[in-house]
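> output the structure for:
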Amino acid sequence: MSSVAIPGLVKRDATVISLVAFAHGTSHFFHLMLPPLFPWFMREYSLSYTQVGALMTVFFAVSGTGQALAGFLVDRWGAHRVLCLGVSLLASSGFLLAVAPGVSGLYLAAFVAGLGNSVFHPADFSLLNHRVSQARLGHAFSAHGFSGNLGWVAGPLVMTATATAAGWRMAGLAAAVIGCTSLATLWWRRGDLSNVLDDQLPEYGKHEKRGSDVSLFGLLKLRLTWFAFGFFFFSTLVLGALENFAPSLLRDLYRLSLAAATSGLTSYLAGGAAGLLVGGFLVSAGKGQEKLVGLCFFGSAALALLLALAVAPSWSVIGIMAAMGFGVGIATPSRDMLVRKSTVAQLGKGAFGRIYGLVYSGADVGLATAPLIFGMLMDASKPHLVFAGVSAALVIAIVAAQAIAREARRVA
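Numbers count the residues shown, from 1 in each chain. Have a look, this model is predicted:
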């Protein structure tokens, strides 16, 4: 049965995609609730780069551990309920930051935020894969990633502006208000997410039951799990380095002002958002996805190496960062579609929450590891090695992406 023959399906798809994308943007905003405030924390509590970076290690270590388990909760309790729980925890972390009595309070806020963040990828991708028709899944993945990048762009702007004007505690309160707004929206439109059923979609019934009882150990035996885990780990190791240290990196290597260096991070994230939009159309075409991923990642790796050598003129840095982000962003929808195809072929739709929870935990492990690795390089006054590490991580991610593509073809 054609998807166009189902009354209201296009509107229903658009509504589900918009709500899930809005929630995902909220989670990415909270990724950057703390890093923009590092200068304030360092000044007030006399912390080093490694010490403030450890806040994000706590965030992503908790998120990565929780994400692998959250996928099982999503498959058992329902994605919408788990998603609302996650947003509630994010909002709570903003309030905790606002009233933090000291460094221990900062770590508590990071812990609670990481716990809230853990639910998003298994819940989001379960909702999209179950409740959006296959013809629009490529665009759904693109919108999902794009909204995340918007959250990353908004995070530094809102948190830095609020902290500059009213102090870092008020910035925490602003983050809490954003979390509460997202939660209220999800609860208000809960019927759109809870009542859209798989049996309204053309592909329903083909793969739903198979894989619904697969165990954690069964998933760990799959090559797909480890290929995807590796891809997420190395690609987000890049993101972790830039999210936490890009302004300081660009200031130290290119003598940019803090405002201009922060704009470099913003341009990277904006470039990634643009790449995601383009990537959504390319994944719909369904041709040569893994080649596109390799080419774009290679280009971004070359740009990172160029920045590491510090030979580019300072006026070009913001444009180079944007181009590097574009190359990384364009691969995301293709990656998510490849994971989906392999999951359906091997396990069926009943295991979406679990498989996405496991493989996306690789992203959180990468983001948890990055502040420690690259923070030590920053403390050692070797910022050029940070960009060199970014380049190497992208090259390794290329290999992992090709392996995901081969796995998808093998089980097709």
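> quick check, pLDDT for H207.
In this prediction, H207 carries a pLDDT score of 43.
> cool, A98 as well?
The model's pLDDT for A98 equals 94.
> swap in S267?
For S267, pLDDT reads 88.
> I'd say it and G319 touch.
Yes: S267 lies in contact with G319 (CB atoms under 8 Å); the separation is 7.4 Å. Every residue, glycine included, has its C-beta placed from N, CA and C.
> those two: who's more crowded?
Legend: neighbour count by other CB atoms under 10 Å for S267 and G319, higher for S267 (22 against 14).
> find the nearest non-adjacent residue to the more buried one, please.
A322 (4.1 Å; CB to CB, 6 or more residues apart in numbering).
> now S48: phi and psi?
phi -90, psi 170 (degrees, to the nearest 10).
> show me what contacts it?
Applying CB atoms under 8 Å, 6 or more residues apart in numbering to S48 gives the contacts M42, G375, D379.
> one more time with 10 Å
M42, A54, G375, M376, M378, D379 (CB atoms under 10 Å, 6 or more residues apart in numbering).
> what about those residues, which are in helices?
Counting by DSSP state H, those place M42, A54, G375, M376, M378, D379 in helices.
> for the fifth one, which non-adjacent residue is closest in space?
Spatial nearest neighbour of M378, chain neighbours left out: Y49 (4.6 Å); criterion: CB to CB, 6+ apart.
> is it true that that neighbour touches S248?
Yes: under the criterion of CB atoms under 10 Å, Y49 makes contact with S248 at 7.5 Å.
> quick check: neighbours shared by the two?
Contacts common to Y49 and S248, judged by CB under 10 Å, 6+ apart, are F38, M378.
> hang on, the earlier thing: quick one: classify the residue nearest to S267 as helix, strand or coil.
Three-state assignment for A322 (DSSP: H, G, I helix; E, B strand; the rest coil): helix.
> need the contact list for A397.
Counted by CB under 10 Å, 6+ apart, A397 has contacts 230-238, 293-294, 297, 300-301, 328, 331, 335, 366.
> and the pLDDT for it?
88.
> what about the helices in the stretch 201-350 of the chain?
216-220, 223-254, 258-285, 289-309, 317-329, 332-346 (DSSP state H, counting those that start in this stretch).
> with distance to F59 added, can I get these in JSON lines?
Below are the helices of the stretch 201-350 of the chain laid out as JSON lines (distance: least, CB to CB, whole Å):
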{"stretch": "helix 216-220", "distance to F59": "23"}
{"stretch": "helix 223-254", "distance to F59": "10"}
{"stretch": "helix 258-285", "distance to F59": "18"}
{"stretch": "helix 289-309", "distance to F59": "24"}
{"stretch": "helix 317-329", "distance to F59": "21"}
{"stretch": "helix 332-346", "distance to F59": "21"}
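> pretty sure L173 is touching S93, no?
No: look at L173 against S93 with CB under 10 Å: they stay out of range, at 11.6 Å.
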